[in-house]
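Engineer: sharing a model that was predicted from the sequence below.
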Amino acid sequence: MRAIVVEQYGGPEALRLTDVTAPTPGGDQVSIAVQAAAVGLIDVLFRRDGLGGLVPVPFIPGIEVAGRILEVGDDVEGLTPGQPVVTLSRPGTSGYAEIVVVPASVVLPLDDDSGPIAPDTAVAGIPNVVTALAALDDAARLRAEDEVLVLGATGGLASVFPSVAKALGAGRVTGAVSRAGSVERALALGYDDVLLTDELPHTAARFDVIVDPVGGASRVAALSLLQPLGRLIAVGNASDAEQVLVGTNDLWLSNTGVVGLNIAALLEARPQRVRSLAARAIDLVRAGAVIVPVESLPLEQAAEAHRRLESREAVGRIVLTPVTSERRL
């Protein structure tokens with residue numbers, strides 16, 4: 001089968017289309033013919049240095065896919081060959097390939113009487129909506145009419161937050177972007193207002209909930225914008241900056257809090273809760289209640305997908321299409 005392999009850490013050119021042996025599932029696993037593989041900033045960080053060697057080379061990037069089940073392991077129940085599925089975010093990689101093997105525990109069936117969900121929409125939206133629900137509902141304990149700020153507003157993960165926040169009853173949802181050229185694109189995602197990141201230290205606006213997938217200097221600036229009893233939810237570190245150290249006495253004196261949300265770790269620790277959130281996410285995406293911008297590229301253009309992410313040209317999500325109607329396994 002074809003797959004994108006990183007044999008040495010480096011730039012986008014490290015992503016090489018290669019023929020590799022197709023994997024087969026073990027007892028608690030399924031194999032999936034991949035119709036859409038999400039491209040995320042975590043893939044970029046893995047490609048650069050494996051997050052400090054956490055992911056050793058060689059490896060196939062990709063943590064979220066959608067497609068159809070090929071085979072199921074002997075211990076798997078409730079999943080069958082031919083079934084359309086999407087996976088949740090997982091700690092393992094291997095999604096940029098024509099076939100992937102994943103634990104059955106991260107697989108969500110998509111066959112439903114309510115109507116089909118296209119593979120690119122499914123993988124672009126459902127895993128991120130699950131993360132948004134966990135961040136806003138569980139970590140932030142979002143209340144009706146809470147004012148929300150989302151950093152890195154047009155990124156793949158951040159782009160679903162305005163829709164999800166409003167579905168949960170939030171008040172005004174503001175996005176923050178790094179450059180003026182992204183303001184209109186952010187407004188198209190459903191944000192009520194958009195700030196430039198450079199404006200954060202100077203704005204008089206205050207927020208009940210701040211969602212931060214960026215980290216670094218933006219996180220430092222955002223902390224000062226919390227209302228009393230406000231919560232900053234750290235959902236990533238797209239800046240790849242050193243972690244921000246926060247004094248607990250500072251939080252005590254300001255009546256604010258910081259909560260981390262790592263959906264893959266939550267899935268491992270509380271799988272039933274995540275699957276409950278996933279059912280809600282599927283319903284929201286199927287109903288069209290979430291704006292999910294998605295651009296599809298063929299598998300062999302994985303390097304181009306990474307270039308667009310790193311240059312911040314992408315709005316929403318880019319997905320790769322290993323198995324298409326023109327190329328069937």
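Structural biologist: Good, I have the coordinates.
Engineer: please enumerate the helices of the chain.
Structural biologist: Along the chain, the segments classed as helices by DSSP state H run 41-53, 119-133, 161-167, 183-188, 217-223, 248-254, 263-269, 271-286, 302-310.
Engineer: figure out which of these is closest to Leu108.
Structural biologist: Leu108 sits nearest to helix 271-286 of all the helices of the chain, at 5.4 Å, using C-beta to C-beta. Where C-beta positions appear, they are placed from N, C-alpha and C, glycine not excepted.
Engineer: what is the rounded mean pLDDT of the closest one?
Structural biologist: Across helix 271-286, the average pLDDT comes to 94.
Engineer: ok, now stretch 48-66?
Structural biologist: Taken as a whole, stretch 48-66 carries a mean pLDDT of 94.
Engineer: cool, and stretch 10-27?
Structural biologist: Taken as a whole, stretch 10-27 carries a mean pLDDT of 97.
Engineer: each with direction, which strands does the lengthiest strand in the chain pair with?
Structural biologist: Using DSSP state E to assign secondary structure, the strand with the most residues in the chain is strand 29-39. Here strand 29-39 has these sheet partners by DSSP bridges: strand 65-72 (antiparallel), strand 99-103 (antiparallel), strand 317-321 (antiparallel).
Engineer: what inclination does that strand have with respect to helix 302-310?
Structural biologist: Counting by axes from the mean of the first three to the mean of the last three C-alpha atoms, to 10 degrees, strand 29-39 lies at 60 degrees to helix 302-310.
Engineer: wait, Ala144 touches Ala165, no?
Structural biologist: No. Applying C-beta atoms under 8 Å, one finds Ala144 not in contact with Ala165, separated by 11.3 Å.
Engineer: quick one: which of these two has more around it?
Structural biologist: Neighbours were counted for Ala144 and for Ala165 using other C-beta atoms under 10 Å; Ala165 has more, 25 against 8.
Engineer: list the contacts of the more buried one.
Structural biologist: The contact partners of Ala165, taken as C-beta atoms under 8 Å, 6 or more residues apart in numbering, are Ala132, Leu136, Leu142, Val148, Val150, Val173, Val209.
Engineer: quick check: pLDDT value at the residue lying closest to the second one once chain neighbours are set aside.
Structural biologist: Nearest-residue entry for Leu136: Leu142, 4.5 Å, with adjacent residues in sequence omitted and distances by C-beta to C-beta, 6 or more residues apart in numbering. The predicted local distance difference test score for Leu142 is 98.
Engineer: and Leu142, what does it touch?
Structural biologist: When contacts are counted by C-beta under 8 Å, 6+ apart, Leu142 is found next to Leu136, Val148, Ala165, Leu168, Gly169, Ala170, Val209.
Engineer: among the residues you listed, which are in strands?
Structural biologist: With strands taken from DSSP E, the overlap with these comprises Val148, Val209.
Engineer: filter the contacts of Leu142 to the buried ones?
Structural biologist: Leu136, Val148, Ala165, Leu168, Ala170, Val209 (16 or more other C-beta atoms under 10 Å).
Engineer: could the residues you listed go into TSV alongside distance to Ala3 and pLDDT?
Structural biologist: Listed next are those as TSV, based on distance: C-beta to C-beta, whole Å; pLDDT from 0 to 100:
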residue	distance to Ala3	pLDDT
Leu136	35	98
Val148	39	98
Ala165	37	98
Leu168	38	97
Ala170	40	98
Val209	39	98
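Engineer: now render these as CSV, adding distance to Pro25.
Structural biologist: Conversion of the buried ones among the contacts of Leu142 to CSV gives the following (distance: C-beta to C-beta, whole Å):
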residue, distance to Pro25
Leu136, 34
Val148, 41
Ala165, 37
Leu168, 36
Ala170, 41
Val209, 40
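Engineer: right, and out of these, which lies closest to Leu261?
Structural biologist: Looking across the buried ones among the contacts of Leu142 and measuring by C-beta to C-beta, the closest to Leu261 is Leu136, at 9.4 Å.
Engineer: what sits against that closest one?
Structural biologist: Contacts of Leu136 (C-beta under 8 Å, 6+ apart): Leu142, Val148, Phe161, Val164, Ala165, Leu168, Ala170, Val209, Val211, Ile233.
Engineer: again, only this time at 7 Å
Structural biologist: Neighbouring residues of Leu136 by C-beta atoms under 7 Å, 6 or more residues apart in numbering: Leu142, Val164, Ala165, Leu168.
Engineer: repeat for Ala167
Structural biologist: Contacts for Ala167 were tallied using C-beta under 7 Å, 6+ apart; they are Leu284, Ala289.
Engineer: any figure for the gap between it and Leu142?
Structural biologist: Summarising the geometry, the distance separating Ala167 from Leu142, computed by C-beta to C-beta, to the nearest Å, is 10 Å.
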